[in-house]
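A.B. asks: Build me a model:
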Amino acid sequence: MQIEMIVAVAENGVIGHGGKMPWRLSTDLKRFKKITMGLPIIMGRHTWESLPGVLPGRLNIIITRSKLDLPEGALVVNSPEAALEASKETGSKRVMIIGGGEIYKAFEAQADILHLTKVHAAPEGDTYFRLSNPDAWHEASREDVQAGENDTADVSFVTLRRT
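C.D. replies: Numbering: from 1, shown residues only. As a prediction, this is how the structure comes out:
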């Protein structure tokens, strides 16, 4: 199974603040939906709690030891290994890791592709993303995008592949 991560990260490494994203990026949300649609998505409890509900068209797999009352389309597991097993049961050959910080760390060594949105801003935050071994990745593609009407910053969409 191909493991892919998708993350929006500011120039200072921030990916979250107070359980939310510290920016408004409609352009990035559209890209996120396009990339993740139809795939199982794996996230931690804090990421799950930041969402408005189940992301439709995707099996939402939440890694947590907490008991959660979940709607149809969401599943709780207690480990990264169990999350991958649940993903395989969907028949998908790809799985998408969508956060947060600890979940990215748990899967980084196994990931094949990183869909990175570089947010050209340096907001205040309390959750960070940094690759533990940046030399293990090479840039496969890049698209620089100016902030649209519903965006608070310019971004670069970068696809990294494991070398």
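A.B. asks: Tally up the residues packed near the residue nearest to Glu11 when sequence neighbours are not counted, please.
C.D. replies: Closest residue to Glu11 apart from its sequence neighbours, by C-beta to C-beta, 6 or more residues apart in numbering: Ala122 at 5.0 Å. Using the backbone N, CA and C atoms, a C-beta is placed for each residue, glycine as well. Counted with other C-beta atoms under 10 Å, residues neighbouring Ala122 total 13.
A.B. asks: how near is the residue most central in space within the chain to Ala147?
C.D. replies: Closest residue to the average C-alpha location of the chain: Ile98 at 2.3 Å, with C-alpha atoms, centre = their mean. Distance, Ile98 to Ala147, by C-beta to C-beta, to the nearest Å: 23 Å.
A.B. asks: Who is Ala8 paired with across the strands?
C.D. replies: Beta-bridge partners for Ala8, by DSSP bridges, are Thr117.
A.B. asks: What score does it have for pLDDT?
C.D. replies: In this prediction, Ala8 carries a pLDDT score of 98.
A.B. asks: Kindly report the same for the one 5 residues further on.
C.D. replies: At Gly13, the model reports a pLDDT of 97.
A.B. asks: Report the beta-bridge partners for the nearest residue to it once chain neighbours are set aside.
C.D. replies: Leaving aside its chain neighbours, Gly13 sits nearest to Tyr128 (4.4 Å; criterion: C-beta to C-beta, 6+ apart). Under DSSP bridges, the beta-bridge partners of Tyr128 are Val14.
A.B. asks: Tell me who's in contact with Asp28.
C.D. replies: Counting by C-beta atoms under 8 Å, 6 or more residues apart in numbering, Asp28 makes contact with 8, 117, 119, 151, 155.
A.B. asks: and Lys88, how many neighbours?
C.D. replies: 13.
A.B. asks: try Pro80
C.D. replies: Neighbour count of Pro80, defined by other C-beta under 10 Å: 17.
A.B. asks: can I assume it is in contact with Ile61?
C.D. replies: No - judged on C-beta atoms under 8 Å, Pro80 makes no contact with Ile61 at a distance of 10.1 Å.
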